[in-house]
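1. coordinates for the following, if possible.
(one chain, ligands or ions: 1)
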Amino acid sequence: GQDLSAAMPFNTNKADEYGDAARTPEPGATHQPSTPAATGSTSSEIIANDKVGDGVPPIGENPTVDPLDRVRVDASDRHLTTNQGVPIADNQHSLKVGLRGPTAMEDFILREKLTHFDHERIPERVVHARGSAAHGFFEAYEDLSDITRAAPFSAKGKRTPVFVRFSTVAGERGSTDVARDVRGFAVKFYTEQGNWDLVGNNIPVFFIQDAMKFPDLVHAVKPEPHHGMPQAASAHDTFWDFASLSPEIAHMLMWVMSDRAIPRSYRTMQGFGVHTFRLLNAQGESRFVKFHWTPVAGTHSLVWDEAVKISGADPDFHRRDLWEAIEAGNFPEWELGLQVFTEEQANAFEFDILDATKLVPEELVPVRPVGRLVLDRNPDNFFAETEQVAFCTAHIIPGIDFTNDPLLQGRIHSYLDTQLTRLGGPNFHEIPINAPIAQVQNNQRDGMHRQAIHRGRVSYEPNSLGGGCPFQSGRMGFTSFPERVAEDKVRGKPELFADHYSQARLFYKSQTEVEQSHIANAFRFELTRVQTVAIRVRMLALLANVDADLAAKVAEGLGLEVPEPLPLATDAPIPDYPASPSLSLLARPGETGVRTRRVAIFVAPGVDGKQVTKLYADLVQDGAVPRLVSTMLGKVKSANGDTLDVEVSLEAGPSVLYDGMIVPDGAKAVEALARNAHAIDFVREQYRHCKPILVLGAGETLLDRAMVPKTLPDGSDDPGLFIGDADGFKQALAAHRAFARETDPPMV
Ligand code: HDE
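-> Take a look at the predicted model:
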């Protein structure tokens, strides 16, 4: 259990990726590159912070902060040069033989510029191509050394720098952020014991149980190979063909057809390590663990009709949201929770913990909060950091170990392997964003683009010429759990893996009525897009094993009868789980009030300017993001003579980009708005997407013009519609949506 960090020198070549800002972030602070001298970071000692969570920065040193400035380039006040550092006199004209003559072969400046340009693309990730990332830190709430010797958990208050990338799975690099899809949630911890990558998703289970099936799954969901369609969508025949023939997919499908697959923001989704991992303490004792990230802002999603429209209005919706929240100092935050359990407990579960299509219900093993993740700095350069970061499930550190989950076992191979193609060779660990902060010492040599300049004549082990260095760490180094395995070599799977439906059912029955209806509608949409009727029918046969009502609802939407259920793959009794309310999105409303919610305030000439100014200031005060929206940009003269600056035109900022809207008083203004179909559409879409609407004074007439009902169909109050009640509006905005208003099909 000895901490190697004190004995090991830190990599002084690792650029100052984090700086003081990462160690002691102040709200709103932007990163200032720091020098070792400025940070005084000479010590590698880490001192616990006994004031976790109250915003007080940790005492002492974090050895992670010595110079990325080595590779940071800032051209201000500099002249233009070639890649060889030669000053360029003219960057506008190629070298020609006569002004109208051919270009000279010797124009090395032109040739260098074009050649570099010709090669500036690298292959996109084969999955998770589309993503966005940010820097931050993980802070441990307590010392967990009784259960793990993993560095991030070695002391209360300890901060470990992280780089986190969120992604969609199926879409290509330039595809929309808001496709119905799983989201990747990949965290790279730069610890003093090496890099640990927790490469997770926002859904705790997976489509398949065995790595052998992954290429088939991905081929099925990606654009169909003959015509390359559709982009970033599972709603096509090949995906559902594969799904309907792979009953193990049932549980995952429930999640992917739920609103989890269309998050409102990366900041409002959970993350999961998915597989069962092991934690090992200094005594070598092993416990099983599942990792959970829970967003402080709560779990919130889009509604489907909205997601479809956002794809047109702002395909970078999630990327922009993450970027803007960090720039504004609203640092996204998650709590890390662990489900820790023993081998004996695992043996008593009704499912196999090596099966990635199963979760461990929180009622069975509670989630223990152990720390927080804060993202407080945007990357400087998308390509250098977000695109070149290489996550790898094989990157684990002492104190953490794999299990025999056959999906995880395949991943251990795949992530390193794929970087060889994507990043062009075996030295990708030297790319600054991937370089560990721990010193790297070994006898691996050469390869494309080698950065390190190894000194000495020794590149082998054992050696005497190098004094035996670098030497093995023995028990202080990484050790695998000595699990006893004595089995026949076989291709196959355990019997418990064959129960495909009990947890799918558990998930479905744990959802609220609104969520259940969204799941049914998502199946209806996707299967409507499927052209082959036999596939639709087979899917209904699969759903019939999950829930009869669900199957009936989907069948009705497709104009089909529910067929005989698919035969079960096991004769063993199927567990019947009690509902698990924590599986509902609505179980985690979050603690951030209206912070970061975007509110459109309609203005036009004659609007009540005083009211607008006050509403605006109040929302800003609460951390919301109000915008003055009108038919066109420019100045608007309000009723009291003040002028207001329009910030967004209706054309450029449609309803789907806002979480709520306000129509202030001012008869003339409302008249003008009512003549604009964009404004009418805006109100109707806010209504349809269950967003809170506040109307003041004459503003109410816009509701009438938009033919928006003021009460629910049963005559009761609409919980998201406020006539003159600004406080009620704010509460509804904090609650996100008024689903009570929703009907299928939509009335508005
Ligand atoms: Fe991945 N996955 N995956 N995956 N995955 C990749 O690695 C793979 C799986 C996940 O932001 C690739 O660097 C196999 C589960 C994330 O850069 C590739 C199998 C989970 C990311 C790969 C799985 C994930 C990837 C593509 C089944 C959730 C993006 C580019 C055996 C726990 C990381 C790359 C980033 C990326 C393989 C299944 C999450 C090809 C073979 C389960 C978040 O290596």
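
2. going forward, measure contacts and count neighbours with C-alpha atoms only.
-> OK.

3. near the ligand, which residues of the protein show up?
-> 125-128, 165-166, 184-186, 199-201, 206, 211, 214, 273-274, 390-391, 407-408, 410-411, 414-415, 418 (Cα under 6 Å from any ligand atom).

4. give me the subset of those lying in helices.
-> F214, L407, L408, G410, R411, S414, Y415, T418 (DSSP state H).

5. follow-up on the earlier one: mark which of the residues of the chain next to the ligand are buried, thanks.
-> Using 16 or more other Cα atoms under 10 Å as the burial test, the residues of the chain next to the ligand include 125, 127-128, 165-166, 184-186, 199-201, 206, 211, 214, 273-274, 390-391, 407-408, 410-411, 415, 418 as buried.

6. just the ones of those in strands?
-> The members of these that map onto strands under DSSP state E are R165, F166, G184, F185, A186, V199, G200, N201.

7. check what pLDDT the third one gets.
-> The per-residue pLDDT reported for G184 equals 98.

8. contacting residues around it?
-> H128, R165, F166, S167, T168, V169, V199, G200, N201, N202 (Cα atoms under 8 Å, 6 or more residues apart in numbering).

9. in a markdown table, list the residues you listed along with pLDDT and distance to P398.
-> Below are these laid out as a markdown table (pLDDT from 0 to 100; distance: Cα to Cα, whole Å):
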| residue | pLDDT | distance to P398 |
| --- | --- | --- |
| H128 | 98 | 28 |
| R165 | 98 | 23 |
| F166 | 99 | 26 |
| S167 | 98 | 28 |
| T168 | 98 | 30 |
| V169 | 98 | 30 |
| V199 | 98 | 17 |
| G200 | 98 | 19 |
| N201 | 98 | 23 |
| N202 | 98 | 26 |
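
10. what residue in the stretch 551-700 of the chain comes nearest to the ligand?
-> As assessed by Cα to the nearest ligand atom, the ligand sits closest to L583 within the stretch 551-700 of the chain, at 17.8 Å.

11. surely A522 meets S258?
-> Yes: applying Cα atoms under 8 Å, one finds A522 in contact with S258, separated by 7.3 Å.

12. what's the burial count for the closest residue in space to M254 that isn't next to it in sequence?
-> Using Cα to Cα, 6 or more residues apart in numbering and skipping the chain neighbours, the partner closest in space to M254 is A504 (6.3 Å). A count of neighbours around A504, defined by other Cα atoms under 10 Å, yields 25.

13. what about R597, distance to N640?
-> For R597, the distance to N640 equals 28 Å [Cα to Cα, to the nearest Å].

14. contacts only, for H413.
-> Taking Cα under 8 Å, 6+ apart, one finds A394 in contact with H413.

15. tell me where the stretch 251-400 of the chain has helices.
-> Along the stretch 251-400 of the chain, counting by DSSP state H, counting those that start in this stretch, helices occupy 304-313, 317-327, 343-348.

16. who are the packing partners of the first one?
-> Identification of packing neighbours for helix 304-313 by 3 or more Cα pairs under 8 Å, 6 or more residues apart in numbering; DSSP states H and E yields no helix or strand.

17. tilt between that helix and helix 317-327?
-> 80 degrees (axes from the mean of the first three to the mean of the last three Cα atoms, to 10 degrees).

18. contacts for helix 304-313?
-> Counting by Cα under 8 Å, 6+ apart, 176-179, 259, 262, 317, 522, 652-654, 656-657, 689 sit against helix 304-313.

19. if you set the cut-off to 7 Å instead, what comes out?
-> Taking contacts as Cα atoms under 7 Å, 6 or more residues apart in numbering, the residues outside helix 304-313 that touch it are T176, V178, V656, H689.

20. contact partners for the nearest residue to C392 once chain neighbours are set aside?
-> Once flanking residues are discounted, C392 sits nearest to Y415: 4.9 Å by Cα to Cα, 6+ apart. Y415 sits next to F391, C392, T393 when contact means Cα under 7 Å, 6+ apart.

21. hmm, which helix or strand of the protein has the shakiest average pLDDT?
-> Lowest on mean pLDDT, DSSP states H and E among the helices and strands of the chain sits helix 36-39, with a mean of 33.

22. distance of the residue nearest to C392 relative to H135?
-> According to Cα to Cα, Y415 stands 21 Å off from H135.

23. count of neighbours near G728?
-> Neighbours of G728 using other Cα under 10 Å come to 17.

24. quick one: the strands in the stretch 1-150 of the chain, in order.
-> 131-140 (DSSP state E, counting those that start in this stretch).

25. and the residue of it closest to the ligand?
-> Across the stretch 1-150 of the chain, the shortest distance to the ligand (Cα to the nearest ligand atom) belongs to R125, at 4.2 Å.

26. look up phi and psi at that residue.
-> The phi and psi torsions at R125 (degrees, to the nearest 10) take the values phi -60, psi 140.

27. list the contacts of it.
-> R125 is in contact with R422, counting by Cα under 7 Å, 6+ apart.

28. roughly how far apart are it and L420?
-> The spacing between R125 and L420, counted by Cα to Cα, is 11 Å.

29. for the residue nearest to H79 when sequence neighbours are not counted, what are its contacts?
-> Excluding the flanking residues, the one nearest H79 by Cα to Cα, 6+ apart is P87, at 6.8 Å. For P87, the contacting residues are H79, L80, T81, by Cα under 7 Å, 6+ apart.

30. my read is that the last one contacts A89, right?
-> No: with contact defined as Cα atoms under 7 Å, T81 does not reach A89; the gap is 8.7 Å.

31. cool, thanks, talk later.
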